[in-house]
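In: quick one, structure for this:
(one chain, ligands or ions: 1)
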Amino acid sequence: MSDPILSIRGLKKSFGALTATDDVSLDLYPGEIHALIGPNGAGKSTLIKQIVGEIRPDAGSIAFEGQVIDRLDGAARARRGLARSFQVSSVIPDFTVQQNVMLAVAGAGGHVFRFLRPALSDPGLTGPAQGYIAHAGLTGREQSKASALSHGERRKLEIAMALALRPKVFLLDEPMAGMGLEGAKQLTAILSELRREAPILLVEHDMDAVFALADRITVLVYGRVIATGTVSEIRANPLVRQSYLGEEA
Ligand SMILES: Nc1ncnc2c1ncn2[C@@H]1O[C@H](COP(=O)(O)OP(=O)(O)OP(=O)(O)O)[C@@H](O)[C@H]1O
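Out: Numbering: from 1, shown residues only. Sure, this is the predicted structure:
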């Protein structure tokens, strides 16, 4: 196996008496979808926040592309391509799908505009934007305002914008939330494609999506990793079944 792109070792974080991250180690390898699952309050979001530099761990270390990044703040990590995928760029409701994606393309290229409107007809931005829109499954909706999109379409727009940022990893925190059955199916197909662009660390409660997508799964309970393995290993793990999945898994 190649070297991990993201490597977390012995991470610890407490809030007062509560240990939210308890000696967590995890690797994300090129090309994989690694799902992070666990009950509410298990510490998934707290772990993501430490990865992106929003909160500082009490102990442990994070390496990204082979380099320790513990001392880098969130902005410096984002510049290296390590950022939460859906929050770096925020959707502007009054802008069209195409304009929103163009802004993300421009942001990724480090463009600074004095005048926004002329920039939005720049063919250097429209071309790439079109590609990301198609990739995210939104062809035909380019000229719709973001505010007119359905929930599922909006999620696709967020994916197009996440793609435009050309991250080194996708950190996705519950992308299936509120999607409905059909929307979740479509998004599952899109995420499956997304892994070709960059590996994905996927925090998700929708187990159908996790089992369909994940190459490996890490299970957190009370801040501790209780298991890491393939879908079949995790489904068969008695401790996981008992503490999270239930006997029906
Ligand atoms: N800033 C904070 N101050 C105090 N306690 C916190 C803070 N952030 C998180 N916690 C606590 O840490 C624990 C882990 O929370 P976290 O949000 O990481 O869990 P989670 O697995 O993401 O949950 P969910 O699936 O509900 O999103 C919880 O008990 C939570 O109440």
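
In: report how many residues lie close to residue 20.
Out: 23 (other CB atoms under 10 Å). Placement of C-beta: from N, CA and C, glycine included.

In: if I look at it, how far off is residue 167?
Out: 25 Å (CB to CB, to the nearest Å).

In: ok, now residue 3?
Out: 18 Å.

In: and those two? Which one has more around it.
Out: Neighbour count, other CB under 10 Å: between residue 3 and residue 167, residue 167 has more, with 22 against 11.

In: quick check, that one in a helix?
Out: No - using DSSP: H, G, I helix; E, B strand; the rest coil, the assignment for residue 167 is coil, not a helix.

In: residues in contact with it?
Out: Contact analysis of residue 167 by CB atoms under 8 Å, 6 or more residues apart in numbering lists 81-83, 85, 198.

In: just those now: which is nearest the ligand?
Out: Using CB to the nearest ligand atom, residue 85 comes nearest to the ligand of these, at 16.0 Å.

In: contacting residues for the closest one?
Out: Counting by CB under 8 Å, 6+ apart, residue 85 touches 158, 162, 165, 167, 170-172.

In: just after the lowest-mean-pLDDT helix or strand in the chain, pick out the following helix or strand.
Out: Using mean pLDDT, DSSP states H and E, helix 116-119 stands out as the lowest-scoring helix or strand of the chain, at a mean of 63. Moving toward the C-terminus from helix 116-119, the next helix or strand (DSSP states H and E) is helix 123-135.

In: mean confidence score for that following helix?
Out: In this model, helix 123-135 carries a mean pLDDT of 89.

In: so which elements touch that helix?
Out: The helices and strands touching helix 123-135, judged by 3 or more CB pairs under 8 Å, 6 or more residues apart in numbering; DSSP states H and E, are helix 97-108, helix 151-164.

In: show me how the record splits the chain into domains.
Out: 1-85+168-249, 87-166 (automatic domain parsing).

In: for these, which has the smallest mean pLDDT value?
Out: The lowest average pLDDT among these, as it happens, falls on domain 87-166, at a mean of 83.

In: who in this structure is up against the ligand?
Out: Contact residues, the chain versus the ligand (CB under 6 Å from any ligand atom): 15, 18, 20, 38, 40-46.

In: so which two of the residues you listed are the farthest from each other?
Out: Spanning the widest gap among the residues of the chain next to the ligand are 15 and 38, at 16.8 Å by CB to CB.

In: have a look at these two and say which one is more surrounded.
Out: residue 38 (23 against 10).

In: is it true that the more buried one touches residue 245?
Out: No - using CB atoms under 8 Å, residue 38 makes no contact with residue 245, being 10.5 Å away.

In: rewinding a little: tell me which of the contacts of residue 167 is nearest to residue 108?
Out: residue 81 (9.7 Å).

In: please identify the helix or strand for that closest one.
Out: Using DSSP H and E, residue 81 falls outside every helix and strand.

In: contacting residues for the residue nearest to it when sequence neighbours are not counted?
Out: Ranked by CB to CB, 6 or more residues apart in numbering and with sequence neighbours excluded, the top spatial neighbour of residue 81 is residue 168, at 3.3 Å. By CB under 8 Å, 6+ apart, the contact list for residue 168 reads 5, 64-65, 80-82, 198.

In: TSV for these, including distance to residue 54 and neighbour count?
Out: Listed next are the contacts of residue 168 as TSV, based on distance: CB to CB, whole Å; neighbours: other CB atoms under 10 Å:
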residue	distance to residue 54	neighbour count
5	20	22
64	15	21
65	20	15
80	15	14
81	16	16
82	12	23
198	20	20
